[in-house]
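>>> Fold the following and give me the result.
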Amino acid sequence: MLNRQTRTSLRWKDIHLPLLIIEEKRVDARVSIGKSSAYLRIPYTAPKAFKHEKLIWAKKWLLETLTEKPEMAQRWKNKEYRSGQVIKTVFKNFVLELTTNKAKSTGTVHTKGNQLVLALPKLEENDYFTHDFVATLISKGISADLHPEFSARVHGYNRRYYNEGIKDIKLKYLHSRWGSCAYSGNLNFSSKILLAPMHVMDHIIIHELAHLKEMNHSARFWKWVEKADPNYKKHEAWLNTHGDKLDF
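Below you'll find the predicted structure:
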């Protein structure tokens, strides 16, 4: 299927709203606001003039929507990062060190002890780094450093309560979910849970391990969760209240 994606952005007050233009097989145009970006979906085969018209239409709609509901824009408000900033995780604290590299569009990250070193590309005039760009790099570095300790905790709960086969454990900068479990035994977790209290992170680990027993949310599934986490309802409530504040 034909599919092409182009990234741009829309400025509203002091906020840059990421806009992903998706050209795909469809007959109409649709604009929406998601958790990590705004989206414009347009027919791949449409004339260039039509696509340009719909981009103007989408930006107008987005500006009107954000003016009417300004709280929706706060998730994209750029966060300021600085060298010496401390990022607290469940296992250890990292001290951020910002440097620059010669690349035009990519950044790198590595750790030295408790230092998290970000090498960012030099900015052109009037350009900027989105929060998502920097946070993804931070997530990548921290996840790589803490993966052994995190994996050991996953395997520990599995041995004690579930004794199921685990093929792979990954930490990713996910926005839409805290974790996922595949029939193959692959477990994916949002790196954001490394910023949560230990008992909340453990609850998410247990939730995904329980899916190795039941690939649903039936009463039997929640019994498997309760076996390892008797206070799971309290931890679910904490996530519902505070989860959207967990970010790098």
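>>> Break down this structure into its helices, ranges please.
Here the chain has its helices, by DSSP state H, at 48-68, 131-157, 198-210, 219-228, 232-242.
>>> What residues sit buried inside the shortest one?
Taking 16 or more other C-beta atoms under 10 Å as the basis for neighbour counts, the residues of helix 219-228 that come out buried are F221, W224, V225, A228. (Glycine included, C-beta is placed from N, CA and C.)
>>> that older thread, can you add distance to S32 and mean pLDDT and give the helices of the chain back as JSON lines?
What follows is the helices of the chain, written out as JSON lines (distance: least, C-beta to C-beta, whole Å; pLDDT from 0 to 100):
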{"stretch": "helix 48-68", "distance to S32": "9", "mean pLDDT": "92"}
{"stretch": "helix 131-157", "distance to S32": "17", "mean pLDDT": "95"}
{"stretch": "helix 198-210", "distance to S32": "27", "mean pLDDT": "97"}
{"stretch": "helix 219-228", "distance to S32": "31", "mean pLDDT": "97"}
{"stretch": "helix 232-242", "distance to S32": "23", "mean pLDDT": "95"}
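>>> could those helices be laid out in TSV, adding distance to S37?
Listed next are the helices of the chain as TSV, based on distance: least, C-beta to C-beta, whole Å:
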stretch	distance to S37
helix 48-68	11
helix 131-157	8
helix 198-210	24
helix 219-228	32
helix 232-242	23
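>>> which of those is buried the deepest?
helix 198-210 (a mean of 21; mean count of other C-beta atoms under 10 Å).
>>> Give me the contact list for that one.
Applying C-beta atoms under 8 Å, 6 or more residues apart in numbering, the contact partners of helix 198-210 are 90, 153-154, 157-158, 161-162, 164, 178-181, 187, 189, 193-194, 196, 221-222, 224-225, 228-229, 231-232, 235-236, 238-239.
>>> and if you look at stretch 56-64?
With contact meaning C-beta under 8 Å, 6+ apart, stretch 56-64 is reached by L10, W12, L17, L19, A29, V31, I33, A38, L40.
>>> Could you do stretch 16-31 as well?
Residues outside stretch 16-31 that contact it (C-beta under 8 Å, 6+ apart): 1-11, 36-44, 51, 54-55, 57-59, 61-62, 66, 73, 76, 78, 128, 130, 132.
>>> among these, which ones are buried?
Neighbour counting with 16+ other C-beta under 10 Å marks 9-10, 37-43, 51, 54-55, 58-59, 62, 66, 73, 76, 130, 132 as buried within the contacts of stretch 16-31.
>>> pLDDT averaged over stretch 92-109 - what is it?
Mean pLDDT, stretch 92-109: 87.
>>> With just CA atoms, put it into CSV.
Extracted in CSV, the C-alpha atoms of stretch 92-109 (Å, rounded to 0.1, in the frame of the first residue of the first chain):
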residue,chain,number,x,y,z
LYS,A,92,19.6,5.6,40.3
ASN,A,93,20.0,9.3,39.5
PHE,A,94,21.6,10.6,36.3
VAL,A,95,23.3,14.0,35.8
LEU,A,96,22.6,15.4,32.4
GLU,A,97,25.5,16.8,30.3
LEU,A,98,24.7,18.6,27.1
THR,A,99,27.2,18.8,24.2
THR,A,100,27.0,19.3,20.4
ASN,A,101,28.0,17.2,17.4
LYS,A,102,28.5,17.9,13.7
ALA,A,103,25.4,16.0,12.6
LYS,A,104,22.6,18.1,11.0
SER,A,105,19.6,16.1,12.3
THR,A,106,20.7,13.3,14.7
GLY,A,107,21.8,13.2,18.3
THR,A,108,23.7,10.6,20.3
VAL,A,109,23.6,9.6,23.9
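>>> chain center to that stretch, what's the gap?
What separates the centre of stretch 92-109 from the centre of its chain is 18 Å, taken as C-alpha atoms, centre = their mean, to the nearest Å.
>>> One more: stretch 154-172?
Here stretch 154-172 shows a centroid-to-chain-centroid distance of 22 Å under the convention C-alpha atoms, centre = their mean.
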